[in-house]
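Asker: Sharing a model that was predicted from the sequence below.
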Amino acid sequence: MKYVENPKINEKVAKIIGELKDELVSQFHPKSIIISGSFGKGEATVIEENGKLKFLSDCEVILIPYKWIFNRGKLEKFEQNFYKRTGLKVEIWGFTLTLYLFLPFLSKKIKPTIADYDLKYGSKVIYGKNYLDKIPAFKPEDIPLWEGVRLLLNRMAEALEHFSLNPSENMLFWTDKIILACQDSLLLLLNEYTPSYRERNKRFIKVSKHFNLPCIQTLVEFAKGATHRKLGSNSAISMDRRLEYWFEVQKVCDEVLRYILKEGYNIEFRDYIEFQEKYLSSELKNYTTLPFDNVILQNLFRFLKGRIMRNKLPTLKMLLKQHRWDHIIYTLIPLIYFALEKDLGVNTNYLKKVSEVVFWEKIKADSSFKSWEIAKDVVVSSWCQMRL
């Protein structure tokens with residue numbers, strides 16, 4: 001079974017995945033274990049340094065029954081111990097599949113997502129019954145374009161989490177993920193999405209001429225390099241160029257996000273303060289992957305899930321908001337991502353806007369890099385708590 005592109009490294013990775021399976025079966029006795037994400041597709045990013053494996057991709061694992069039937073504390077301890085022993089970060093999840101299994105009467109109302117598509121067509125069952133059959137078959141054209149917008153916003157937040165003035169391998173990895181999200185969101189626009197990184201890049205190069213974007217040639221080259229690195233090639237960007245690459249990607253991301261919002265939703269904006277206003281007054285604010293549209297029910301669901309997952313809960317002021325919490329947080333991500341400029345100056349207007357919304361933390365909205373870092377940490381932390 002393939003987990004990475006390099007055959008020699010794959011043999012070592014397969015041994016670790018085998019240990020993971022045996023330990024999960026021994027400790028949790030699941031009906032099924034499914035590997036999803038990059039490991040499920042056989043395209044995980046793993047490099048070897050001095051004979052030791054370094055995992056840049058997390059290993060996403062679904063246990064059936066889902067984790068809240070298990071002892072969550074025990075699961076977290078398992079994840080931590082396995083990481084300490086092997087260096088592989090394991091994330092045990094499975095909410096969407098659980099809805100299909102245990103709430104079948106709601107399954108027809110669940111909107112197709114990129115995650116669902118990748119889960120059904122890009123995952124591997126490594127133990128027990130194949131519950132992936134419970135996910136209805138659907139095509140790329142069934143995935144709403146908002147999934148592309150959400151993908152971009154999620155990737156910005158994940159990259160911000162790893163940002164540093166001394167760029168690490170992880171920062172490069174997540175900067176690449178923004179570029180790949182730009183590619184993938186444009187493929188969604190043409191109904192050309194597919195689970196495989198390699199196939200997506202081939203398709204994107206082929207259809208790139210359809211996009212009227214000033215940055216399209218830059219995006220094609222960046223996406224090609226990011227795909228090669230994702231699949232384990234040695235085409236790494238040197239340390240002294242990674243910060244410059246971050247800001248080059250930032251410019252591309254700005255163009256792509258604006259293009260998708262204009263083409264898909266007729267939303268245009270001068271800056272990301274106006275983006276927030278237009279986003280929260282558009283049809284986007286109503287989009288949900290949950291099988292019910294009522295905002296109160298959605299927020300209540302997230303409140304209950306936060307209790308189960310032991311996340312930090314929203315403040316009373318946040319509870320009284322008329323929008324879904326996650327959409328409010330989503331509009332903060334570009335304000336932070338684009339607030340930091342190439343000369344390391346900070347857009348104070350963006351920081352002020354963030355401080356008006358994230359009222360449970362004190363944010364000093366000045367032009368210092370330290371103020372930006374504090375605001376960035378608050379927004380990323382809020383995003384981690386609110387996302388499904």
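Answerer: Looks like it arrived, so ask away.
Asker: Tell me how many other residues crowd the residue lying closest to I363 once chain neighbours are set aside.
Answerer: Excluding its sequence neighbours, the residue lying closest to I363 (Cβ to Cβ, 6 or more residues apart in numbering) is S355, at 4.0 Å. C-beta coordinates here come from the backbone N, C-alpha and C atoms, glycine included. If you count neighbours by other Cβ atoms under 10 Å, S355 ends up with 17.
Asker: list the contacts for the residue nearest to Y279 when sequence neighbours are not counted?
Answerer: With sequence-adjacent residues excluded and distances taken as Cβ to Cβ, 6+ apart, Y279 is closest to T331, at 5.2 Å. By Cβ atoms under 8 Å, 6 or more residues apart in numbering, the contact list for T331 reads F275, Q276, Y279, L280.
Asker: what's the spacing between the third one and D58?
Answerer: Translated: Y279. According to Cβ to Cβ, to the nearest Å, Y279 and D58 sit 29 Å apart.
Asker: helix or strand right after the one helix or strand L75 maps to?
Answerer: Per DSSP states H and E, L75 falls inside helix 72-86. Using DSSP H and E, the next helix or strand after helix 72-86 towards the C-terminus is strand 90-93.
Asker: mind listing what that next one pairs with, with the direction of each?
Answerer: In the sheet, strand 90-93 lines up against strand 59-64 (parallel) (DSSP bridges).
Asker: Next, the angle from the strand it pairs with to helix 72-86.
Answerer: Per axes from the mean of the first three to the mean of the last three Cα atoms, to 10 degrees, the angle that strand 59-64 makes with helix 72-86 is 140 degrees.
Asker: who touches strand 59-64?
Answerer: 17, 20, 24, 28, 30-37, 39-40, 44, 70, 88-94, 97, 101, 119, 123, 128-129, 131.
Asker: pretty sure V125 belongs to a strand, no?
Answerer: Yes. Counting by DSSP: H, G, I helix; E, B strand; the rest coil, V125 is located in a strand.
Asker: contacting residues for it?
Answerer: Applying Cβ under 8 Å, 6+ apart, the residues near V125 are S32, I33, I34, Y131, L132.
Asker: From those, which land in helices?
Answerer: Members of the contacts of V125 lying in helices (criterion: DSSP state H): none.
Asker: farthest pair in the residues you listed?
Answerer: Using Cβ to Cβ, these span at most 11.9 Å, a distance reached by I33 and L132.
Asker: wouldn't the residue nearest to I363 be in contact with D366 here?
Answerer: No. In this structure, S355 is not within contact of D366 by Cβ atoms under 8 Å, at 10.6 Å.
Asker: Look up the residues forming beta bridges with the residue nearest to F82 when sequence neighbours are not counted.
Answerer: Spatial nearest neighbour of F82, excluding adjacent residues (Cβ to Cβ, 6+ apart): V90 at 5.4 Å. When bridges are called by DSSP bridges, V90 pairs up with C59.
Asker: Please give me every residue in contact with V90.
Answerer: L20, D58, C59, V61, F78, E79, F82, Y83.
Asker: Mind telling me the two of the residues you listed farthest from one another?
Answerer: D58 and F78 (14.6 Å).
Asker: okay, these two: which has more neighbours?
Answerer: Set side by side, D58 and F78 show more neighbours around F78, with 19 against 15, by other Cβ under 10 Å.
Asker: contacting residues around that one?
Answerer: Here F78 is in contact with E23, L24, Q27, F28, V90, I92 (criterion: Cβ under 8 Å, 6+ apart).
Asker: check contacts around the second one.
Answerer: Put plainly, it is L24. P30, I33, V61, L63, F78, Y127.
Asker: most surrounded residue in those?
Answerer: V61 (26 neighbours).
Asker: Against S196, how distant is that one?
Answerer: 20 Å.
Asker: likewise L186?
Answerer: 16 Å.
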